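**Q** please work out how this folds:
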Amino acid sequence: MEPAQGKNLGDVWYALSGQERRTVVSNLVQLESRLFSLRFPASRSLSRSFWIGPDTSLALWHGKRLGLSVERGPYQDSLAVLTASTTKEITYLKRFGRALRPFQRLSREVYNYQAQSHLDHIMNLKRYLQITPRLTPHDCPALHRPALRHPDLQPNNIFISDELEIKSQHSTVLPLFLQYGIPKSLQNYGDEVSESLQIPRLPSNFDQLEEMQQFQQAELFRRRQLHYFYVKMTAYMNIEHYNALTYEYSTLRRRLFQHTTDPWEGDNVTLKADLVTLTREWREFSRDSKDACPIQFSDNESTECIQLAGAQSEACEQLQYRLVRMRLELGMKVGSLSHDITRQRRARES
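**A** Residues are numbered from 1 along each chain as shown. From the prediction side, this is the model:
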């Protein structure tokens, strides 16, 4: 295999100016538009030149999953895609599962440092299988079309060169309603400004803020800017993808699929919280006030789960804050921080 040529984008990502970031995002959206224009007969992994082969995603083959006798594709319809990885994980946990402390150490405090039973996750996976027939967007056939997309568009998988080369291993063909999404390195979900697509701006008192606060605001501005650029450019260059992005409950559908596909690592909250959210919003989701949700949770169980999910999210935010402080205390502020602050100040003054 020939090494990719060019400079790794991850090495310079935080030193790019706003205009340079905009150019990178524009090039990515253009490339995605070309990939989305391709037509495929089935879903899952590309092998050799243009052959749709079995699913080679890491989640399906990780560890002892390699030896399981389970369906691995290619898949002819959306329901098969939605259920295959879940069935795989249930099979694995029944055969090899055991209680685990969450692999993410920050989450262990949320669980009082107790090992979590794999049987609870199996129960949630089975709940998911009960609602999978309803996750497919029946009123929009265009979203079922198999589409090709890179699974992890983040700076370390992109090389800056004349061709804007991208590592393409593990690329998969999936129904469009499961392929959509803002890349993790560009998205800023959970932020009101980003989700409402307001034009990002620095606070008016930016110059009066302390250095740590300036760093936080500059970083928040960068995340909002990337989110805004990506969505706006997708709406202009890749309308099929934009329609999938804006389809009702598209984010919840994709989260459910991803969280049932991922190998279990001792987290019994993330998937369950998605299921609880679905049950709470079922009437709007199904568009039928008389349609009962196939799965149910008690009020106490729902409330406890959402609280635990919130605690996990807060733990992640605290980690990010500590990393920022460490970066400043180690003297890393001399680099991208000072450049970012200077750029944002000039942009605000112009």
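**Q** where does the stretch 151-300 of the chain have low pLDDT?
**A** 160-171 (pLDDT under 70).
**Q** same deal with the stretch 1-150 of the chain?
**A** 1-6, 41-53.
**Q** can you pull out the strands in it?
**A** Secondary structure of the stretch 1-150 of the chain (DSSP state E, counting those that start in this stretch): strands located at 7-8, 44-47, 51-52, 146-149.
**Q** where's the last one relative to the chain centroid, distance-wise?
**A** If I follow you right, that is strand 146-149. Counting by C-alpha atoms, centre = their mean, to the nearest Å, strand 146-149 is centred 16 Å from the centre of its parent chain.
**Q** in its sheet, what does that strand sit against?
**A** strand 172-175 (antiparallel) (DSSP bridges).
**Q** C-terminal to the partner strand, what's the next element?
**A** helix 176-179 (DSSP states H and E).
**Q** what is the subsequent helix or strand relative to that following helix?
**A** Counting by DSSP H and E, what follows helix 176-179 is helix 192-195.
**Q** just how off-centre is that next one within its chain?
**A** Put simply, helix 192-195 sits 17 Å off its chain's centre (C-alpha atoms, centre = their mean).
**Q** ok, and what's touching that helix?
**A** Residues outside helix 192-195 that contact it (C-beta atoms under 8 Å, 6 or more residues apart in numbering) are Q187, N188, Y189, P200, R223, R224, H227, Y228. (Glycine included, C-beta is placed from N, CA and C.)
**Q** likewise stretch 177-189?
**A** Identification of contacts with stretch 177-189 by C-beta under 8 Å, 6+ apart yields 25, 28, 78, 81-82, 136-137, 140, 143-144, 147-149, 152-155, 194-195, 223-224, 226-227, 229-231, 241, 244-245, 247, 250-251, 253-254, 257.
**Q** just the buried residues out of the residues you listed, in PyMOL syntax.
**A** Selection of buried members from the contacts of stretch 177-189 for PyMOL, criterion 16 or more other C-beta atoms under 10 Å:
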select buried, resi 25+28+78+81+82+136+137+143+144+147+148+149+153+155+194+223+224+226+227+229+230+231+241+244+245+247+250+251+253+254+257
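**Q** and the residue nearest to S107 when sequence neighbours are not counted, what helix or strand is that in?
**A** Of all residues not flanking S107 in the chain, Q312 sits nearest, at 5.3 Å (C-beta to C-beta, 6 or more residues apart in numbering). Assigned by DSSP H and E, Q312 belongs to helix 299-329.
**Q** packing partners for that helix?
**A** With contacts taken as 3 or more C-beta pairs under 8 Å, 6 or more residues apart in numbering; DSSP states H and E, helix 299-329 sits against helix 105-108, helix 211-237, helix 270-280.
**Q** export these to CSV and tack on distance to R21?
**A** Converted to CSV, the helices and strands packed on helix 299-329 look like this (distance: least, C-beta to C-beta, whole Å):
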stretch, distance to R21
helix 105-108, 29
helix 211-237, 6
helix 270-280, 30
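**Q** to V12, which of these lies closest?
**A** Ranking these by proximity to V12 (C-beta to C-beta) places helix 211-237 first, at 13.8 Å.
**Q** immediately after the closest one, which helix or strand?
**A** helix 239-245.
**Q** circling back: just the angle for the helix holding Q312 relative to helix 270-280, thanks.
**A** 130 degrees (axes from the mean of the first three to the mean of the last three C-alpha atoms, to 10 degrees).
**Q** check which residues of helix 299-329 are buried.
**A** S302, C305, I306, L308, A309, Q312, A315, V324.
**Q** same thing with stretch 205-215?
**A** F206, L209, Q214, F215.
**Q** with respect to W264, which of those is nearest?
**A** F215 (36.2 Å).
**Q** that older thread, list just the nearest of the buried residues of helix 299-329 to H62.
**A** Q312 (22.0 Å).
**Q** does that closest one really touch G266, like I thought?
**A** No. At 11.9 Å, Q312 does not count as touching G266 under the criterion of C-beta atoms under 8 Å.
**Q** intersection of neighbour lists for the two?
**A** What both Q312 and G266 touch, as defined by C-beta under 8 Å, 6+ apart, is the set S107.
**Q** report the separation between L278 and E248.
**A** As judged by C-beta to C-beta, to the nearest Å, L278 and E248 stand 13 Å apart.
**Q** so what's in contact with those two at the same time?
**A** With C-beta under 8 Å, 6+ apart, L278 and E248 have common neighbours F285.
**Q** neighbour count for the two, which is higher?
**A** Using other C-beta atoms under 10 Å, the more surrounded residue of L278 and E248 is L278, with 23 against 13.
**Q** ok, now which ones touch that one?
**A** I131, L252, L256, F285, C293, I295 are the contacts of L278 under C-beta under 8 Å, 6+ apart.
**Q** look up how far P141 lies from it.
**A** 23 Å.
**Q** check M233 too.
**A** For M233 relative to P141 (C-beta to C-beta), the value is 26 Å.
**Q** out of those two, which sits in the busier spot?
**A** M233 (20 against 8).
**Q** the more buried one reaches V25, doesn't it?
**A** Yes. Applying C-beta under 8 Å, one finds M233 in contact with V25, separated by 6.2 Å.
**Q** doesn't W264 make contact with P102?
**A** No. In this structure, P102 is not within contact of W264 by C-beta under 8 Å, at 10.1 Å.
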